[in-house]
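[1] Sequence and predicted structure are below.
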Amino acid sequence: MTPLRPRLIAALLTLPLAAVTLAGCASGQGSPDAAASASSKPVATTATSPATTPTASPLPTATASPTTSAAPAAQLSAAQQRQVDYALTYWKNYNSAVYGNDNPNGGDCANFVSQTLIQRGWKMNGTWYNHGQNQMSGAWAYVPSMLNYFTANAQTLGLVELGDADRAKFAVGDVVMFWWKNANGTYSAGPDHVQVIDRLTTGANGKIKVEMASHNLDYEYRDLDNEITVEHPGAKYVVWHLTKDTNS
């Protein structure tokens with residue numbers, strides 16, 4: 001349940017951003033959150049020049065499930081609301097017609113999170129892009145490369161790395177990356193999974209409950225504490241907090 005901190009995350013960053021496209025959610029080890037088994041590897045796909053960001057059909061407004069939180073949820077900005085509405089619309093019914101489905105290449109989790117960032121206000125560029133099925137950059141669709149992109153460009157992207165002790169600073173729309181603990185007690189160099197926070201509530205005891213939307217496994221509200229203690233005991237994570245709505 002220990003969050004990764006900057007020095008540790010720097011030590012794990014051994015995967016450079018490649019010119020070829022790497023696709024897939026997990027970094028290689030088998031897990032219930034990867035659509036493929038441990039034998040699956042990132043798939044190189046054709047990289048093309050940046051194109052205009054696809055525009056999805058107008059989104060219906062998602063209705064949040066009832067909560068027993070003792071404190072009301074913070075008011076979301078219009079950009080945050082667009083992002084969470086998108087996540088709650090497409091967490092189960094994939095928007096494959098616009099963005100493809102990367103599960104055949106190892107997992108769609110990063111592809112899904114990137115889609116929500118488009119709704120937040122980010123724009124595609126020469127490093128971070130999706131031009132359809134099998135035409136996604138590593139920074140867009142492969143979690144280790146996404147981590148490298150975030151880390152190398154944090155200031156420009158308006159991202160701040162947070163850990164478990166910083167829960168009071170977490171916000172809806174923030175990106176959470178996970179490292180699963182291997183059977184031998186070690187962790188992969190690159191993260192295995194990524195999700196987006198879509199609900200934060202504070203209980204009567206003052207503890208902040210963090211819930212996330214994700215692909216493979218497909219979840220509407222996945223509880224962070226349950227994920228790192230029950231589903232994946234010993235998992236580590238970092239939260240990338242968005243301080244602005246654009247990536248430029």
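    Everything's here; your move. Numbers count the residues shown, from 1 in each chain.
[2] Near the closest residue to residue 83 other than its chain neighbours, how many other residues are there?
    Among residues not flanking residue 83 along the chain, residue 120 sits closest, at 4.2 Å (C-beta to C-beta, 6 or more residues apart in numbering). Placement of C-beta: from N, CA and C, glycine included. Counted with other C-beta atoms under 10 Å, the neighbours of residue 120 add up to 22.
[3] Now do the contacts for residue 120.
    79, 80, 82, 83, 173, 242, 245 (C-beta atoms under 8 Å, 6 or more residues apart in numbering).
[4] And residue 74, what's its pLDDT?
    At residue 74 the predicted local distance difference test score is 76.
[5] re earlier: relative to residue 226, which of the contacts of residue 120 is nearest.
    Of all the contacts of residue 120, residue 173 has the smallest distance to residue 226: 20.9 Å, by C-beta to C-beta.
[6] distance of that closest one from residue 245?
    With the distance defined as C-beta to C-beta, to the nearest Å, residue 173 ends up 9 Å from residue 245.
[7] still on that earlier bit, compare the contacts of residue 120 and tell me which is most surrounded.
    Most surrounded of these: other C-beta under 10 Å gives residue 83, at 28 neighbours.
[8] tell me which element that one is part of?
    helix 78-90 (DSSP states H and E).
[9] Residue 86 and residue 117 touch, don't they?
    No. Under the criterion of C-beta atoms under 8 Å, residue 86 is not in contact with residue 117, lying 9.6 Å apart.
[10] pLDDT at the residue nearest to residue 83, what is it?
    So, for residue 120, pLDDT stands at 98.
[11] coming back round to it: gap between the helix holding residue 83 and the chain center?
    The chain centre lies 14 Å from the centre of helix 78-90; the measure is C-alpha atoms, centre = their mean, to the nearest Å.
[12] And stretch 85-105, by the same measure?
    Mean-position distance between stretch 85-105 and its chain equals 13 Å (C-alpha atoms, centre = their mean).
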